[in-house]
Structures are given as C-alpha cells and as structure tokens.
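**Student:** have a look at this prediction, sequence included:
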Amino acid sequence: MTAYKTDLVSKVKEELSLDRKSAIQVVDIVLEAIQTLTKEHGKLQLKDHGNFEVRERAARKGRNPQTGEEIQIAASKVPAFKPSKAFRKLVNQ
C-alpha cells in the first residue's frame, strides 16, 4: 500500500489539530525546506530519521536501447536518502 501527500497532510492535521489548509502549508514548508537545505548544504541530518544528501554520479558510457549505439552519459548529482538505524528497525518490525 502506498501513502500519498494527502495522507501526510491528514496526519499533520490530526496531530496538530489544524484545518486542512494550514496542514497543507505546514507539509509544503517542511518538504521545501528539506529540498532547499539539502541542495544548499549537500546533506541534511534528521536525528532518528535519516540523512538526505546529494550524491555525485560519475560520467559513464551507456547504450541507446533502440539503436544499440554507445552514448556518453554526463556526470550528474542525484538526491538520496539514507534511513537511520531506528527508522530501519521500525520498518522491519
């Protein structure tokens, strides 16, 4: 089963006794802050939850699946999340 942003908004609304509009604003602010801080600092540590970080992906060779032609894939940065031990333990219960 997949949870969606609306599920997160409902949980925040319930926990903080907010109206739906305020809960959406809180969720949006937190998610935007996670993205911004991770981009600016390269890593965001959330104790007991995990780390958001920017990882470097090296340039590499690949193949065009339609033609089989070899292509060069440029280096890039990708977002990543590494859960804490406590989070992993919670998920595995």
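**Tutor:** The structure has been received and is ready for your questions.

**Student:** now the helices for the chain?
**Tutor:** In the chain, the segments counted as helices under DSSP state H are 5-16, 20-41, 85-91.

**Student:** just put those in CSV and tack on mean neighbour count.
**Tutor:** Just so you know, the C-beta spots here come from the backbone N, C-alpha and C atoms, and that holds for glycine as well. Converted to CSV, the helices of the chain look like this (neighbours: other CB atoms under 10 Å):
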stretch, mean neighbour count
helix 5-16, 14
helix 20-41, 13
helix 85-91, 11
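
**Student:** dump these to a markdown table, plus distance to residue 58 and mean pLDDT.
**Tutor:** As requested, those are exported to a markdown table (distance: least, CB to CB, whole Å; pLDDT from 0 to 100):
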| stretch | distance to residue 58 | mean pLDDT |
| --- | --- | --- |
| helix 5-16 | 33 | 97 |
| helix 20-41 | 20 | 97 |
| helix 85-91 | 27 | 95 |
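
**Student:** redo those as a markdown table? Include distance to residue 57.
**Tutor:** Listed next are the helices of the chain as a markdown table, based on distance: least, CB to CB, whole Å:
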| stretch | distance to residue 57 |
| --- | --- |
| helix 5-16 | 27 |
| helix 20-41 | 16 |
| helix 85-91 | 24 |
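
**Student:** specify the beta-bridge partners of residue 70.
**Tutor:** Taking DSSP bridges as the rule, residue 70 bridges to residue 63.

**Student:** contact partners for it?
**Tutor:** Contact partners of residue 70, counting by CB atoms under 8 Å, 6 or more residues apart in numbering, are 61, 62, 63, 64.

**Student:** for it, give its distance to residue 61.
**Tutor:** Per CB to CB, to the nearest Å, residue 70 is found 6 Å from residue 61.

**Student:** residue 74: which of the helices of the chain is closest?
**Tutor:** When the helices of the chain are compared by CB to CB, helix 20-41 sits nearest residue 74, at 18.8 Å.

**Student:** for that closest one, name the packing helices and strands.
**Tutor:** Using 3 or more CB pairs under 8 Å, 6 or more residues apart in numbering; DSSP states H and E as the contact criterion, the secondary-structure elements in contact with helix 20-41 are helix 5-16, strand 43-46, strand 50-57.

**Student:** no further questions, thank you.
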